[in-house]
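Colleague: generate coordinates for the sequence data below:
(chains A and B)
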Amino acid sequence: MHFDPVLFAQQLVNGLSLGGIYALIALGYTMVYGIIELINFAHGDVYTLGTFFSLAILTLLGVTGVVTGPMLIVVVAVTIFGAMILCGLTGVIIERLAYRRLRNAPKLAPLITAIGMSFILENLMLYWKGPSPIPFPAVIPNPEFTLGAVTIQAKQVMVILLAIVLMVVLQAFVYNTKLGKAMRATAQDKDAAQLMGIDINTTIALTFLIGSALAGAAGFVSGVYYGSTWFFNGFGAGLKAFTAAVLGGIGNLAGAMLGGFLIGLIEAMTTQFIGDQWSNVVVFSVLVIVLIFRPSGLLGEALPNKV
Amino acid sequence: MSLAARIGSSLPAPLRTQRGKTALAFAVALVLPFLGHNGGFTNFLADAGAFVLLALGLNIVVGFAGLLDLGYAAFFAIGSYSFAMLASPQFGIHLPFWLLLFIASGIAAAFGILLGAPTLRLRGDYLAIVTLGFGEIVPQTFLNLSQWTGGPNGIGSLDQPAIFSYKFGFDALPYYFMVLGLIALAVWVANNLRTSRLGRAWMAIREDELAAAHMGINTTTTKLAAFAMGASFSGLAGCALASKLQLVSPDQFGFNVSVFILAMLVLGGMGNIPGVIVGSLILSALERFVLPQGTNFLHGLNINVDLTNSRFLIYGVILVMMMLFRPEGLIPSGQRKAELHAADEDPTAAAREQTLYTESVT
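Modeller: Numbers count the residues shown, from 1 in each chain, chains lettered A, B, ... in the order given. So this is what the prediction gives:
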C-alpha cells in the first residue's frame, strides 16, 4: 500500500467535516454524562430523529431542492431551529419519563432503561418512515473549491463552521451564565447544589434540552451532508460520537469537540487506507484502547470510580 | 399470597421443595414436544431452549456479577463459528460434535477472558459500552474475513451430531432433547456456582464492589470468571443452534440478539434462575406465536398491522417498564423477595417458610 499525500489531504477535509457531525452529537453525550453519569444510549436516535424532523419541516415548507438567495437563510434557519426545538423537547420528555425516577437507583437500571429507550425511538422511526433509506433534499447550493489537488465542498465547510459556532455558544453559555453555573454545580455535587437553592430537576432537564437540541442540529446537517438517512442511522453514529466523547474526556465540552474531529479523521483515513468495512472495527478498537490506557480521555480529569 | 406460591403450596409434599419443583419442571419439559400437533412446535422448543441456555449464561454475568454485557451475542457468534469451522467442509475438519461442545465453549470462554482482562477494571457503564462495541466488531470481523468465514453467506452444511450410529438428522426432536440436557447441565452448574464461594463473591461485587474488595475478594479475577463462565454457556448454545440450523452467518449475532437476551433477564428477574428461564420462554413464545397470531387476528378484523415488525419496540418497552416499575423482574429470587417483602406478608407465611426450609434441609 503506497501513501498518497493528495488522498491524505482530501481525507483530512472529509474527516473534519464528518467529525463536525460527531462532535455535535458527542456534546450531548458528554453533557448528560457529566451531570447524571448516564450513558444516554437514546441520544444517537435523537440525532436521527433530528434528520427526520428536519425532513418533515422541509416538506411543510415545500422545499424539495436547492434554495438560493435570501430564502436560503430563512429555510435553513427555520429548519435548524425547528429540529433543535423538537429534539430538545424529545430529550426532556425522555428524561422525565424514563430516567428521572431512576436517578438514585442502582447504576444498572438507568443504563438498561436507556437501551430500551433507544430501541423504542428506533422502532417509532421505523413506523414513521419505513425500513428503507430516505432521501433528504439538497437544500444548500454546493459549489466546490479546489485547493491544489484537494476538493472542498461548501457543505463540508458549513458542517465544520456550524459545529464550531455552536460549540463556542455552548461554551459561553456554560461558563458565563447563571444557568450554566447551575449546571456545573449540579454536575459537581447534586446535594450541595440543591442546598444552594439550585433546582436540580430543572437543571438536568435543561441539560437534556441543550444536548438533544445539538443532536437535532447535527441531524439537519447530516441530512444535508449525506443526502439520505434511515431509522437505524443513530446507532452507529451514536456509538462513534460516544467514543469521541470518551476520547476527548467525558464531561469535557472542548474534549467532545476534539474527540469528534479525531474520530471523523480516524474514520476517513481508515476508509481510505484500510477499507470501508473496517472503519467500525477501528473506531471501536480506539474506544477500547482509550478506556484501557487513558480512561479520563485526552482533556478530561481523572474521575473517581463511583460505579 | 401470590399465584405462584398458591400453586406451590397445592403441590404434594415431595414436590414442594426446590429440588422437587425442578424435577417436575424437567418432567414437563420431557413430554412437552409430544403435546404439539406438528414438528413446528418441537422446532420452536429446540430454538427456545438454545435461548434459555444463552439467557442462563448472560444471567451469570449480568444477574450474578452485575456486569452489564451488551455484546453477549459476540460470544455466541464465537462459539457458533468455532463449531462451524471445526465441523464442516469449510476447512475439511470434522471433529466429533460432543468434543466440540467443550472446544467451542472453551474458545468462547477464552475470548471472554481476552476481552475481559483489559476492560473489567473499567467503571460499570464503560464496560457496557465496550462490550457493545465488541458485540459490533465480532460479527463485522466474521463478515470481513470472508476467506475463512464465507463472508455474508456464512458457513453451511455443518456436521450433525450423532450418538454412536444414530444421526440427529433434520428432525428437531433429538436437538430438543440435547438442548434440554445442556440446560439441565447449565442449571446445575449455575445453581451450584450461585451458592459457592465464587457465586457469593459475584453477588458481593454486584452489591458493592468497593466493599467486596475490602473483604479480600480479588474483583478482577472474580469478574473475569463471570465473563468466562457466561461466555462458555453461549458456546454450548452456539453449537446446539448451529448444528440444528446447519448454518452460521454473521447476521445471526447482531446487537438485537444481545438485547433480546437481556430483555429475557430483565423480564424474568435478573439473578434468579427460574425467573430467567421463564422470561426467556415468554419472549421466545411472544416472537414465534403471539405476534404472528396477533397479526392474523388483526387481519381478521381488517386492521392491517404487522405486529411481528414491532417486536423490538416491545423489547424496548419491556426494558423501560420493568426497570421503572418492577426492577426485580416477574419472578424475583427468593432472597430478594424476602428482603423486600419480609414485613408485609401475613404471619403464617413466616411459619410456612420455616417448614419449607426444614423440609429442604432434611
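Colleague: show me the contacts for A:Phe242.
Modeller: By Cβ atoms under 8 Å, 6 or more residues apart in numbering or on different chains, the residues touching A:Phe242 are A:26, A:29, A:39, A:43-44, A:287, B:129. Heads up, the C-betas are built off the backbone N, CA and C, glycines and all.
Colleague: and the stretch 101-250 of chain A, which of its residues are near chain B?
Modeller: Within reach of chain B by Cβ under 8 Å from any Cβ of the partner chain, the stretch 101-250 of chain A has these residues: A:101-102, A:105-113, A:115-120, A:122-124, A:126-127, A:235, A:239, A:242-243, A:246.
Colleague: re earlier: what's the closest of the contacts of A:Phe242 to A:Leu97?
Modeller: Using Cβ to Cβ, A:His43 comes nearest to A:Leu97 of these, at 15.3 Å.
Colleague: these two touch, right, that closest one and A:Leu27?
Modeller: No. Under the criterion of Cβ atoms under 8 Å, A:His43 makes no contact with A:Leu27, lying 10.0 Å away.
Colleague: immediately after the helix or strand harbouring B:Lys244, which helix or strand?
Modeller: Taking DSSP states H and E as the definition, B:Lys244 sits inside helix B:219-245. Next helix or strand after helix B:219-245 toward the C-terminus (DSSP H and E): helix B:255-268.
Colleague: and that following helix, what's buried?
Modeller: B:255, B:257-268 (16 or more other Cβ atoms under 10 Å in any protein chain shown).
Colleague: three-state assignment of A:Phe145?
Modeller: With DSSP: H, G, I helix; E, B strand; the rest coil as the basis, A:Phe145 sits in strand.
Colleague: how many neighbours does the residue nearest to it when sequence neighbours are not counted have?
Modeller: Spatial nearest neighbour of A:Phe145, excluding adjacent residues (Cβ to Cβ, 6 or more residues apart in numbering or on different chains): A:Ile152 at 4.8 Å. Using other Cβ atoms under 10 Å in any protein chain shown, A:Ile152 has 18 neighbouring residues.
Colleague: I'd say A:Ile152 and A:Asn14 touch.
Modeller: No. With contact defined as Cβ under 8 Å, A:Ile152 does not count as touching A:Asn14 (9.6 Å).
Colleague: and the helix holding B:Lys244, what does it pack against?
Modeller: Using 3 or more Cβ pairs under 8 Å, 6 or more residues apart in numbering or on different chains; DSSP states H and E, the elements in contact with helix B:219-245 are helix B:39-58, helix B:72-86, helix B:97-119, helix B:172-195, helix B:197-207, helix B:209-214.
Colleague: counting contacts, what elements does the fourth one pack onto?
Modeller: Spelled out, that is helix B:172-195. helix B:18-31, helix B:39-58, helix B:219-245, helix B:273-285.
Colleague: list the buried residues of the longest one.
Modeller: Counting neighbours by 16+ other Cβ under 10 Å, one finds that the buried residues in helix B:219-245 are B:219, B:222-245.
Colleague: now the strands: where do they sit in chain A?
Modeller: A:134-135, A:144-147, A:150-153, A:228-229 (DSSP state E).
Colleague: report all helices and strands that the second one contacts.
Modeller: If contacts are counted by 3+ Cβ pairs under 8 Å, 6+ apart, strand A:144-147 sits against strand A:150-153.
Colleague: the strand it packs on: how far from the chain's middle?
Modeller: Centroid separation between strand A:150-153 and its chain, computed with Cα atoms, centre = their mean, to the nearest Å, is 24 Å.
Colleague: report the mean per-residue pLDDT for that strand.
Modeller: Taken as a whole, strand A:150-153 has an average pLDDT of 88.
Colleague: and that strand, what does it pack against?
Modeller: By 3+ Cβ pairs under 8 Å, 6+ apart, strand A:150-153 packs against helix A:5-36, strand A:144-147.
Colleague: and the residue nearest to the spatial centre of chain B, what does it touch?
Modeller: The structure's chain B has its C-alpha centroid closest to B:Ala55; by Cα atoms, centre = their mean the separation is 1.3 Å. Going by Cβ under 8 Å, 6+ apart, B:Ala55 touches B:261, B:264-265, B:268, B:276-277, B:279-280.
Colleague: what two of those residues are the furthest from one another?
Modeller: Pairwise across the contacts of B:Ala55, and taking Cβ to Cβ, the largest span is found between B:Ile261 and B:Ile277, at 12.6 Å.
Colleague: report the spatially nearest residue to A:Leu206, omitting neighbours in sequence.
Modeller: Nearest one to A:Leu206, counting by Cβ to Cβ, 6+ apart, is A:Leu179 at 6.3 Å.
Colleague: whoops, A:Val221 was the one
Modeller: Using Cβ to Cβ, 6+ apart and skipping the chain neighbours, the partner closest in space to A:Val221 is A:Val159 (5.3 Å).
Colleague: may I ask you to confirm that the one you found is in contact with A:Ile21?
Modeller: Yes. A:Val159 is within contact range of A:Ile21, at 6.2 Å (criterion: Cβ under 8 Å).
Colleague: tell me, what's touching the two both at once?
Modeller: By Cβ under 8 Å, 6+ apart, A:Val159 and A:Ile21 have these common neighbours: A:221, A:225.
Colleague: need the pLDDT of residue 34.
Modeller: As the question left the chain open, I've gone with chain A. pLDDT for A:Gly34: 87.
Colleague: my question was about chain B, not that one.
Modeller: pLDDT for B:Phe34: 82.
Colleague: most packed of the helices and strands packed on helix B:219-245?
Modeller: helix B:72-86 (a mean of 29; mean count of other Cβ atoms under 10 Å in any protein chain shown).
Colleague: tilt between that one and helix B:219-245?
Modeller: Put simply, helix B:72-86 runs at 50 degrees to helix B:219-245, going by axes from the mean of the first three to the mean of the last three Cα atoms, to 10 degrees.
Colleague: so which helix or strand takes in B:Leu319?
Modeller: Element membership for B:Leu319, per DSSP H and E: helix B:311-325.
Colleague: so what touches that helix?
Modeller: A:98, A:101-102, A:105, A:109-110, A:112-113, A:115-120, A:122-124, A:127, B:256, B:259-260, B:262-263, B:266-267, B:283, B:286-287, B:291, B:329.
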